[in-house]
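Undergrad: Could you look at this predicted model? Sequence included:
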Amino acid sequence: SLDLISFLINALSNCKILFIFNMREEEVQSLEIEHDIQSKKLFTLHLKPLSFESSKSLIDKIIHNQKNLNQLFYNKVYKNSLGNPFYLIQIIKEILDQKILYFRDLEWYLDIKKLENYQINKNISSLVLKHMKKLEEKEKDILNIATVIGNDFDLELIFKISHSLNFEFSYEQLINIVNN
């Protein structure tokens, strides 16, 4: 939470430590954290949203698409993600889960009727939590292990740790869980 960030900035201001936070601009403005950031010799990097063309290119790369899809699809995803790459990815996952966009016979198909009626959740946390709820308990356990290790981890290490905790799954299952 933002309160935790503010607490950490103040409590650890004399430590040589690197924190990397990701916040939307309105979150930063809603918290009196700007004063904390400027007074503690912290650096803020403001990232600009992706352009429409960059978003479209990212969508095509995510789904390995070679042809243009219906412009309505790109417009709706861009309008709702506001060029935020993380949110864009979550929206694409949701659209795939809802079978609005699907792959058949080596080609992507778009259900325009479903897309027109589909209301994209504006809250990114809700999208991520919805995806997490679909996971089995052992998948959640594996992700918890990976979370403790951090962004860069060796699958072999997770495999060994999880087996020492008596989680039973194959190496192939682990790869599938991490990739999804």
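TA: Structure's in. What do you need?

Undergrad: Going along the chain, name the strands of the chain.
TA: Applying DSSP state E to the chain gives strands spanning 101-104, 107-110.

Undergrad: Touching the last one from outside, list them.
TA: To tie it back to what came earlier, the one meant is strand 107-110. Residues from elsewhere that reach strand 107-110 (Cβ atoms under 8 Å, 6 or more residues apart in numbering): 63, 65, 67, 69-70, 73, 100-103. For glycine as for every other residue, the C-beta is placed from the backbone atoms N, C-alpha and C.

Undergrad: Mind picking the lowest-pLDDT entry from those residues?
TA: Ranked by pLDDT, the contacts of strand 107-110 bottom out at residue 67, which has 83.

Undergrad: Could you find the closest non-adjacent residue to that one?
TA: Of all residues not flanking residue 67 in the chain, residue 108 sits nearest, at 7.5 Å (Cβ to Cβ, 6 or more residues apart in numbering).

Undergrad: Can you tell me how far that neighbour is from residue 91?
TA: According to Cβ to Cβ, to the nearest Å, residue 108 and residue 91 sit 16 Å apart.

Undergrad: Looking at those two, which has the bigger crowd around it?
TA: residue 91 (21 against 16; other Cβ atoms under 10 Å).

Undergrad: Now do the same contact list for the more buried one.
TA: By Cβ under 8 Å, 6+ apart, the neighbours of residue 91 are 77, 80-81, 120, 127.

Undergrad: what about the helices in this structure?
TA: Along the chain, counting by DSSP state H, helices occupy 2-11, 25-30, 33-39, 52-62, 71-81, 85-97, 112-117, 124-133, 137-149, 155-164, 171-179.

Undergrad: export the contacts of strand 107-110 to TSV and tack on distance to residue 176 and neighbour count?
TA: As requested, those are exported to TSV (distance: Cβ to Cβ, whole Å; neighbours: other Cβ atoms under 10 Å):
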residue	distance to residue 176	neighbour count
63	18	15
65	22	15
67	28	7
69	26	18
70	30	12
73	27	20
100	23	20
101	21	22
102	20	13
103	17	12
